[in-house]
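Q: Compute the structure for the input listed below.
(chains A and B)
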Number of protein chains: 2
Amino acid sequence: MPKIAAYSYEEYLHLIKSFHGNLAPGLIIGGFMVDSALGMLPEGEFFDAVCETRVCLPDAVQILTPCTIGNGWLKVFDYGRFALAMYEKYRGEGVRVYLDAGKMESWPEIKGWFLKLTPKREQDSEKLFSQIKQAGKDILSCRKVRIRPDLLKKKSLGAVGICPRCGEAYPLRDGDACRPCRGESPYQTV
Amino acid sequence: MPKIAAYSYEEYLHLIKSFHGNLAPGLIIGGFMVDSALGMLPEGEFFDAVCETRVCLPDAVQILTPCTIGNGWLKVFDYGRFALAMYEKYRGEGVRVYLDAGKMESWPEIKGWFLKLTPKREQDSEKLFSQIKQAGKDILSCRKVRIRPDLLKKKSLGAVGICPRCGEAYPLRDGDACRPCRGESPYQTV
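A: Here you go, the predicted model:
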């Protein structure tokens, strides 16, 4: 039976349902990816994480490691590559794991799902989940990486001021008003 | 005793430690903010969430609601405003809650921490935590909002191709190679 970090496979599926809401195939594979990366890092070091997609994968990292969006140890780049890296947080040396489309010949359901060759309504999810479990780490590839030094620096928010337009606190480095008041608001003006 | 969504105050502090790693003041306040927003939304509706800062607040949303980064129901804008919104996911109508610097006169420790008036080494964290618990929702303000329609559309990744440079799967809409291969890689080339 495969294990996912500190959990049994079944336990990990429960964690996915509880945190993510539904049993997304990408999140199950993400568990194997995190487990692979953890296994290649030196024990006892502090590490940070990067995801190269915002779909599913960030939740595998947040469920299985101490790295979260809110504590800043997980960064998400919306590049649409199904890959993650974990690295020593000061020097940036670490390991990158990705879902390898070149290793899927024996796993047609996974290939059809990942490369969107199979239309959604023709997907056999039972087969897909069973192949994901069987394949485990066979469909992953890894390599050593070093994170760009400018991404290591912890950016402090710096001094805080009160925005003269909305009256809310904002980082003064953003200029003489906060970014939402300068046109980036996510809300409609009524 | 204050409650935070479905949890007692103490239970919520345990959840923070387990998910986020440390008892960040902003995450405790974030719990009151999520609780306020949940209380103002119609029951039984599906909602999405927006955070206007990437510091702490996204973890309050991920701990207390079904919205996560990986399932796409939580979006994070790095505007440095300590505010969140929850809204009906199709029409975008909802409520915005923010930490209101104008309501902190009776809570000098919170004000000193939030506006960075007190240098970190002079902060009295016992006092700060006690004021946060006592203040509860008294330091928050709320208003109804409507999310910009372009943010409601769920952006599909579209068709998938194999990048001719790295050999990995990527969204074809990004061009004839994936974004990291076109200069946006988070890694150093060795």
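Q: now the most centrally placed residue in chain A: how far from residue A:3?
A: Nearest to the mean C-alpha position of chain A, by C-alpha atoms, centre = their mean, lies residue A:58 at 2.5 Å. Residue A:58 sits at a distance of 21 Å from residue A:3 (criterion: C-beta to C-beta, to the nearest Å). C-beta: built from backbone N, CA, C; applies to glycine.
Q: The residue nearest to the centre of chain A: what secondary structure?
A: Classification of residue A:58 by DSSP: H, G, I helix; E, B strand; the rest coil places it in helix.
Q: residues near residue A:166, how many?
A: The tally of other residues near residue A:166 (other C-beta atoms under 10 Å in any protein chain shown) stands at 16.
Q: and what of residue A:126?
A: Neighbour count of residue A:126, defined by other C-beta under 10 Å: 9.
Q: Kindly report the same for residue A:5.
A: Other residues lying near residue A:5 total 18 when counted by other C-beta under 10 Å.
Q: now residue A:40
A: Burial measure for residue A:40: 14 neighbouring residues, criterion other C-beta under 10 Å.
Q: Kindly report the same for residue A:73.
A: When neighbours are counted by other C-beta under 10 Å, residue A:73 registers 20.
Q: Pretty sure it sits against residue A:49.
A: Yes: with contact defined as C-beta atoms under 8 Å, residue A:73 reaches residue A:49; the gap is 6.4 Å.
Q: got the buried residues for the longest helix belonging to chain A?
A: In chain A, with assignment by DSSP state H, the single longest helix is helix A:25-40. Going by neighbour count (16 or more other C-beta atoms under 10 Å in any protein chain shown), the buried part of helix A:25-40 is A:25-38.
Q: Ok, stretch A:2-18 next?
A: Within stretch A:2-18, the residues that count as buried by 16+ other C-beta under 10 Å are A:4, A:5, A:7, A:12, A:13, A:15, A:16.
Q: how close does the residue nearest to the fifth one when sequence neighbours are not counted get to residue A:16?
A: Put plainly, it is residue A:13. Counting by C-beta to C-beta, 6 or more residues apart in numbering or on different chains, residue A:23 is the residue found nearest to residue A:13 once chain neighbours are left out, at 6.3 Å. Distance, residue A:23 to residue A:16, by C-beta to C-beta: 6 Å.
Q: helices and strands of chain A: which one bottoms out on pLDDT?
A: Across the helices and strands of chain A, mean pLDDT, DSSP states H and E gives its lowest value to helix A:149-152, namely a mean of 91.
Q: Let's verify the residue of chain A positioned farthest from its centre: helix, strand, or coil?
A: In chain A, residue A:164 marks the outermost C-alpha relative to the chain mean, sitting 36.8 Å out by C-alpha atoms, centre = their mean. Three-state call for residue A:164 (three-state DSSP): coil.
Q: Surely it and residue A:175 touch.
A: No: the criterion here is C-beta under 8 Å, and residue A:164 misses it with residue A:175 at 11.0 Å.
Q: if we can go back for a sec, identify the contacts common to residue A:73 and residue A:49.
A: By C-beta atoms under 8 Å, 6 or more residues apart in numbering or on different chains, residue A:73 and residue A:49 have these common neighbours: A:65, A:67.
Q: domains in chain A, as residue ranges please.
A: For chain A, the structural domains run A:3-152, A:157-190, going by automatic domain parsing.
Q: ok, and which of those domains has the densest surroundings?
A: domain A:3-152 (a mean of 19; mean count of other C-beta atoms under 10 Å in any protein chain shown).
Q: Now the terminal residues of that domain, how far apart.
A: When the termini of domain A:3-152 are compared using C-alpha to C-alpha, to the nearest Å, they are 31 Å apart.
Q: how far out from the middle of the chain is that domain?
A: With C-alpha atoms, centre = their mean, to the nearest Å as the basis, domain A:3-152 stands 7 Å off its chain's centre.
Q: likewise stretch A:177-190?
A: How far stretch A:177-190 lies from its chain's middle: 28 Å, per C-alpha atoms, centre = their mean.
Q: Give me the contact list for it.
A: Residues from elsewhere that reach stretch A:177-190, judged by C-beta under 8 Å, 6+ apart: A:163-166, A:168, A:170, A:175, B:50, B:52, B:75, B:77, B:79-81, B:85, B:92, B:96, B:145-149, B:151.
Q: Now do it, average pLDDT.
A: In this model, stretch A:177-190 has a mean pLDDT of 92.
Q: so what's residue A:115 up against?
A: Contact analysis of residue A:115 by C-beta under 8 Å, 6+ apart lists A:101, B:160, B:169.
Q: and residue A:61, what is it in contact with?
A: The neighbourhood of residue A:61, defined by C-beta under 8 Å, 6+ apart, consists of A:30, A:34, A:49, A:51, A:67, A:74, A:84.
Q: rerun that using 7 Å as the cut-off
A: Contacts for residue A:61 (C-beta atoms under 7 Å, 6 or more residues apart in numbering or on different chains) come out as A:34, A:49, A:51, A:67, A:74, A:84.
Q: And it, which helix or strand is it part of?
A: helix A:57-64 (DSSP states H and E).
Q: Mind checking the pLDDT average for that helix?
A: 98.
Q: what do you get for stretch A:4-21?
A: Averaged across stretch A:4-21, the pLDDT comes to 96.
Q: swap in stretch A:132-140?
A: In this model, stretch A:132-140 has a mean pLDDT of 98.
Q: who touches residue A:105 in this structure?
A: Shown in contact with residue A:105 (C-beta under 7 Å, 6+ apart): no residues.
Q: Also residue A:29?
A: Contacts for residue A:29 were tallied using C-beta under 7 Å, 6+ apart; they are A:99, A:132.
Q: That'll do, ta.
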